[in-house]
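Asks: Attaching a predicted model along with its sequence, questions to come.
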Amino acid sequence: MTNNETIVALATPNGIGAIAVIRLSGLDAITIANSVWRGKDLTKEASHTIHFGHIMDGDLMLDEVLASLFIAPSSYTRENVVEISCHASGYIIESIIKLFIKKGARSAKPGEFTLRAFLNGQLDLSQAEAVADLIASNSKASQQVALQQLRGGFSSQLQTLREQLVNFASLIELELDFAEEDVEFANRGQLKQLIVDITRIIGRLIQSFELGNAIKQGVNTVIAGRPNAGKSTLLNALLNEERAIVSHIPGTTRDTIEEVLNIQGINFRLIDTAGIREATDAIEQIGVQRTMEKISQSALLIYVFDAEQITLDELKSDLTSLQTPGVAMLLVANKMDLLNSAGKEDDIEAFFQTSGLPDNQTIFISAKEKLHIDDLKNRIYSAAIKDQLSGDETLVTNIRHLEALQKTEEALTRILGGIDGSITSDFLSIDIKQALHYLGEITGAVTTDDLLDNIFSKFCIGK
């Protein structure tokens with residue numbers, strides 16, 4: 001790619017609307033825009049100004065528009081940028097873009113504006129990826145995490161670690177230059193302490209991926225239980241709409257139903273499943289199998305049971321079969337409005353204290369009457385997020401970053417082993433360089449064309 005080329009693309013979504021924005025970026029962006037402009041001479045105007053005028057194709061006026069000027073390096077791409085705000089007619093948009101291409105611009109590739117921002121030093125690679133995450137964010141939490149990374153919180157933390165390693169790497173390299181004199185410029189005790197500190201931080205970042213990914217993608221949450229326990233009624237109550245068919249006939253839900261519920265800024269992907277029992281026909285058997293598959297793929301299981309009808313033996317049997325490693329479980333006793341005896345709640349609570357099963361505190365609700373639904377939502381949030389989310393915490397949300405951090409951790413482990421084993425400086429240098437390489441992959445200090453193509457090809461055109 002030649003950075004001197006001027007690129008053009010629609011920066012707003014396709015479709016009929018009031019306004020569309022067409023973006024030009026490159027050395028000749030202002031000149032090209034001015035060549036089809038009727039109004040003030042854009043080449044003589046100041047940066048960060050907006051001008052009213054007309055886009056002309058010869059003597060034909062295409063539209064009345066506003067032109068926003070951003071003169072290099074004070075722009076998103078650090079190049080000359082012009083943004084044309086026109087009426088959002090498909091014909092007008094296509095005509096203006098074709099006119100700019102005729103005057104010397106070319107169509108931008110997906111993510112090319114942000115790629116140029118990265119190549120020109122406006123953003124590092126993790127910040128550039130945060131731009132895509134910010135565009136795709138669909139909850140308050142995912143928006144906040146993406147914004148924190150866009151502001152460079154993650155990058156600055158990694159950069160500090162990398163600089164500390166670089167200082168020791170340079171001392172190790174100096175030792176190699178004086179290998180015949182058998183001297184140590186890098187204090188091994190200080191190096192070991194640094195590696196221990198960095199490993200602790202890297203480990204914390206790796207552990208944050210589970211929460212970060214949940215915030216970014218949503219928390220997979222399965223609602224499961226016996227037929228007629230009120231799972232579909234609960235789904236409707238949580239969503240506050242009649243989403244699932246509700247019937248007193250057991251086995252009404254044959255397939256999974258998926259909806260998104262936002263609780264305190266976190267998206268929970270609720271999955272209502274077929275009732276767990278011995279299937280009476282082939283279709284129901286498939287539904288039960290899918291239920292078990294969904295549970296194994298989830299982060300949170302909401303087990304719903306009929307507090308009035310279920311026996312303690314049935315309860316223990318269900319919980320024993322449903323417990324899945326890595327899946328948090330929340331127990332919901334439904335139909336509390338039908339309980340004949342207030343003592344039933346005490347019996348259930350006492351059961352869990354003596355059953356030997358994990359200590360899962362039960363919440364009693366009535367999905368039909370919508371009793372304690374808000375309390376349940378708070379419990380769902382706490383079960384998935386716990387106390388892990390804070391405003392200034394750095395969270396890893398990108399699988400590419402996770403893999404690079406894991407490789408960094410492996411290299412750091414080898415360095416520690418090498419220091420304890422008194423290995424020579426040349427082998428120590430190799431492991432330090434590998435750790436630096438993997439950290440550099442995250443921020444873009446180390447890149448390849450294939451890596452950049454893979455990242456920016458996933459962006460929308462115009463960004």
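Replies: Sure, I can see it. Numbering: from 1, shown residues only.
Asks: can you tell me the average pLDDT over the longest helix along the chain?
Replies: Longest helix in the chain by number of residues (criterion: DSSP state H): helix 153-177. Helix 153-177 shows an average pLDDT of 79 in the prediction.
Asks: For that helix, buried residues please.
Replies: By neighbour count on 16 or more other Cβ atoms under 10 Å, the buried set for helix 153-177 is 153-155, 158-159, 161-162, 165, 168-169, 171-173, 175. Backbone N, C-alpha and C define where each C-beta goes, glycine included.
Asks: ok, so of these, who is nearest A435?
Replies: Distance ranking of the buried residues of helix 153-177 against A435, using Cβ to Cβ, places L165 first at 6.1 Å.
Asks: which residue packs closest to that closest one, ignoring adjacent ones?
Replies: Among residues not flanking L165 along the chain, L436 sits closest, at 5.6 Å (Cβ to Cβ, 6 or more residues apart in numbering).
Asks: Can you verify that neighbour is assigned to a helix?
Replies: Yes. Assigned with DSSP: H, G, I helix; E, B strand; the rest coil, L436 falls within a helix.
Asks: I'd like to know how far it sits from E241.
Replies: Distance of L436 to E241, computed by Cβ to Cβ, to the nearest Å: 53 Å.
Asks: more neighbours, these two?
Replies: L436 (19 against 10; other Cβ atoms under 10 Å).
Asks: Isn't the more buried one up against V166?
Replies: Yes. Using Cβ atoms under 8 Å, L436 is in contact with V166, at 6.6 Å.
Asks: Tell me who's in contact with the residue lying closest to G225 once chain neighbours are set aside.
Replies: Distance criterion Cβ to Cβ, 6+ apart; nearest residue to G225, sequence neighbours excluded, is V304 at 3.9 Å. Shown in contact with V304 (Cβ atoms under 8 Å, 6 or more residues apart in numbering): 223-225, 229-231, 234, 332, 334, 367.
Asks: ok, V304 to H48 distance?
Replies: 57 Å.
Asks: helices or strands next to the helix or strand hosting I432 in the packing?
Replies: Applying DSSP states H and E as the criterion places I432 in helix 425-443. Packing partners of helix 425-443 (3 or more Cβ pairs under 8 Å, 6 or more residues apart in numbering; DSSP states H and E): helix 125-136, helix 153-177, helix 399-420.
Asks: and F52, helix, strand or coil?
Replies: strand.
Asks: I'd say it and L66 touch.
Replies: Yes. With contacts counted by Cβ under 8 Å, F52 reaches L66, the gap being 5.9 Å.
Asks: does the closest residue to G275 other than its chain neighbours sit in a helix, a strand or a coil?
Replies: Using Cβ to Cβ, 6+ apart and skipping the chain neighbours, the partner closest in space to G275 is P227 (3.1 Å). Following three-state DSSP, we place P227 in the coil state.
Asks: try I19
Replies: strand.
Asks: what does V8 give?
Replies: At V8, secondary structure determined by three-state DSSP is strand.
Asks: How about the one 5 residues further on?
Replies: When the structure is split into helix, strand and coil by three-state DSSP, P13 lands in coil.
Asks: Now do it against K102, distance only.
Replies: P13 sits 25 Å away from K102, going by Cβ to Cβ.
Asks: coming back round to it: wait, which of the contacts of V304 is closest to E308?
Replies: N334 (8.8 Å).
Asks: Read off the pLDDT value for D313.
Replies: 85.
Asks: nope, R116 is what I meant
Replies: For R116, the model assigns a pLDDT of 94.
Asks: What average pLDDT does the strand ranked longest in the chain get?
Replies: The longest strand of the chain (DSSP state E) is strand 60-70. Strand 60-70 shows a mean pLDDT of 96.
Asks: Pretty sure L27 sits against N4.
Replies: Yes. Applying Cβ under 8 Å as the test, L27 and N4 come out as touching, 5.0 Å apart.
Asks: In terms of neighbours, single out the busier of these two.
Replies: Set side by side, L27 and N4 show more neighbours around L27, with 15 against 9, by other Cβ under 10 Å.
Asks: if I pick the more buried one, what's in contact with it?
Replies: Contact analysis of L27 by Cβ under 8 Å, 6+ apart lists 3-4, 6, 79-80.
Asks: Could you rerun that using 6 Å?
Replies: N4 (Cβ atoms under 6 Å, 6 or more residues apart in numbering).
Asks: Without its sequence neighbours, what residue ends up closest to S35?
Replies: K103 (5.3 Å).
Asks: Can you tell me the SS state at the residue nearest the centre of the chain?
Replies: Among the residues of the chain, K216 comes closest to the average C-alpha position under Cα atoms, centre = their mean, at 3.0 Å. What three-state DSSP gives for K216 is helix.
Asks: Buried residues of the helix or strand encompassing A141, list them for me.
Replies: Taking DSSP H and E as the definition, A141 sits inside helix 140-150. By neighbour count on 16+ other Cβ under 10 Å, the buried set for helix 140-150 is 141-146, 148-150.
Asks: can you give me how far that helix is from the chain middle?
Replies: The chain centre lies 9 Å from the centre of helix 140-150; the measure is Cα atoms, centre = their mean, to the nearest Å.
Asks: what's the answer for stretch 164-178, then?
Replies: Using Cα atoms, centre = their mean, the offset of stretch 164-178 from its chain centre is 37 Å.
Asks: could you dump that stretch to PDB, C-alpha only?
Replies: The C-alpha trace of stretch 164-178 is given here as PDB (Å, rounded to 0.1, in the frame of the first residue of the first chain):
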ATOM      1  CA  GLN A 164      11.800  -2.800  31.700                       C
ATOM      2  CA  LEU A 165      12.700  -6.000  29.800                       C
ATOM      3  CA  VAL A 166      14.500  -4.000  27.100                       C
ATOM      4  CA  ASN A 167      16.800  -2.400  29.700                       C
ATOM      5  CA  PHE A 168      17.900  -5.800  30.900                       C
ATOM      6  CA  ALA A 169      18.100  -7.200  27.400                       C
ATOM      7  CA  SER A 170      20.600  -4.500  26.500                       C
ATOM      8  CA  LEU A 171      22.700  -5.400  29.500                       C
ATOM      9  CA  ILE A 172      22.600  -9.100  28.600                       C
ATOM     10  CA  GLU A 173      23.700  -8.100  25.000                       C
ATOM     11  CA  LEU A 174      26.500  -6.100  26.500                       C
ATOM     12  CA  GLU A 175      27.700  -9.200  28.400                       C
ATOM     13  CA  LEU A 176      27.900 -11.100  25.200                       C
ATOM     14  CA  ASP A 177      30.200  -8.400  23.800                       C
ATOM     15  CA  PHE A 178      32.500  -9.000  26.700                       C
END
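Asks: Many thanks, I have nothing further to ask.
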